[in-house]
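Q: Sequence first, predicted model second:
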Amino acid sequence: MQIILHRAATRGGADHGWLKARHTFSFAGYMDPSRVHFGVLRVLNDDIIAGGGGFPTHPHDNMEIVTIPITGALAHRDSTGGNGEITSGEVQIMSAGTGIRHSEFNASETEAVNLLQIWMFPKLRNIAPRYDQRAFSADERKNRLRVVVSPEDTDDALWINQDAYFAVGSVDAGTSVEWKLRNEGSGVYIFVIEGTIEVAGEKLERRDGIGISEISDLKITASTESSVLLMEVPMR
């Protein structure tokens, strides 16, 4: 077993007034050669966007981008025709592929939105750009790891152009959930959205992250009521 531990307080960050960002991996003006990526996982940003703030239209290519609102709502518009809002409980995915342009703004003029934005290197380059989003109920996440992003083309989760799985769970204190890796040679990155958990002999608190590789399965035990994001990703 190999472990990489990223405490919340060690993350990079930026404060632009309208945007307060924390970066688990090197991003924009934050550069740490030891924290560039975990396998194909390249970016894990924890953003708070003030009311009325947002990112004007800008381009991406050949990146899989997943957005998970924690609180509030985000308004999205892109060059594929995608247009709408995503709120807490929903997950959005965008394959930039050959090239896509999009904008993201807080849907509220007064209340902040807190979201996770995750970038992953794609399995296949230069695919047609695409956008999708889906809501997942609280019951679906209760005391289980509910798969929300998957490389399997089914109606049960959002499809991603990579051999990766994202799962979210809301776990009661004293309760354990288990994950069996889908692909040999993959690793798992766990991010604690809220609460306190124990995994792989480590105690993790709010906004801590841990990368674990060279395993076939793992168990997460919540010490307090907790919300977690698990990402199984290829390590090469």
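A: Happy to help now that I have it.

Q: Any stretches of this structure with poor pLDDT?
A: Residues of the chain that meet the criterion pLDDT under 70 are absent altogether.

Q: residue boundaries of the helices in it?
A: According to DSSP state H, the chain carries its helices in the segments 138-141.

Q: Contacts only, for the residue nearest the centre of it.
A: What sits nearest the mean C-alpha location of the chain, by C-alpha atoms, centre = their mean, is I118, with 4.4 Å. The neighbourhood of I118, defined by C-beta atoms under 8 Å, 6 or more residues apart in numbering, consists of L41, V43, L44, N45, I65, V66, T67, I68, F166, M231. To be clear about C-beta, it is placed using only N, CA and C from the backbone, and glycine gets the same treatment.

Q: any idea how far it is from I212?
A: Here the distance between I118 and I212 works out to 17 Å (C-beta to C-beta, to the nearest Å).

Q: and stretch 207-217, which residues are buried?
A: Counting neighbours by 16 or more other C-beta atoms under 10 Å, one finds that the buried residues in stretch 207-217 are R207, D208, G209, I210, G211, I212, S213, I215.

Q: Return the member of these nearest to T224.
A: Set against T224, the nearest of these by C-beta to C-beta is D208 (13.2 Å).

Q: Hmm, the closest one is touching R11, no?
A: No. At 9.6 Å, D208 and R11 do not qualify as touching, with contact defined as C-beta atoms under 8 Å.

Q: farthest pair in the buried residues of stretch 207-217?
A: R207 and I215 (22.9 Å).

Q: start to end distance for stretch 184-203?
A: For stretch 184-203, the first-to-last residue distance is 26 Å (C-alpha to C-alpha, to the nearest Å).

Q: Correct me if wrong: A107 contacts P69.
A: No. Using C-beta under 8 Å as the test, A107 is too far from P69 to be in contact (9.6 Å).

Q: anything in contact with each of those two?
A: Common neighbours of A107 and P69 (C-beta under 8 Å, 6+ apart) are T87, V113.

Q: which residues sit in contact with G13?
A: Residues in contact with G13 (C-beta under 8 Å, 6+ apart) are K20, A21, R22, H23, Y30.

Q: The same query, at a cut-off of 6 Å, please.
A: Contacts for G13 were tallied using C-beta atoms under 6 Å, 6 or more residues apart in numbering; they are R22.

Q: Quick check: bridge partners of it?
A: Beta-bridge partners of G13, counted by DSSP bridges, are R22.

Q: any idea how far it lies from P151?
A: Look at G13 and P151: by C-beta to C-beta, they are 32 Å apart.

Q: A164 now?
A: Between A164 and P151 the distance is 7 Å, computed by C-beta to C-beta.

Q: Can you check which residues contact both of the two?
A: What both A164 and P151 touch, as defined by C-beta under 6 Å, 6+ apart, is an empty set.

Q: neighbour-wise, which of these two wins?
A: Applying other C-beta atoms under 10 Å to A164 and P151 shows that A164 carries more neighbours, namely 26 against 15.

Q: Could you find the closest non-adjacent residue to that one?
A: Take A164 and drop its neighbours on the chain: the residue closest to it by C-beta to C-beta, 6 or more residues apart in numbering is V233, 4.8 Å away.

Q: State whether the one you found and G39 are indeed in contact, as I suppose.
A: Yes. In this structure, V233 is within contact of G39 by C-beta atoms under 6 Å, at 4.4 Å.

Q: Pull the number of nearby residues for the spatially closest residue to E104 that is not a sequence neighbour.
A: Spatially, and ignoring its direct neighbours in sequence, E104 is nearest to F55 (4.8 Å; C-beta to C-beta, 6+ apart). The number of residues packed near F55 is 15, by other C-beta under 10 Å.
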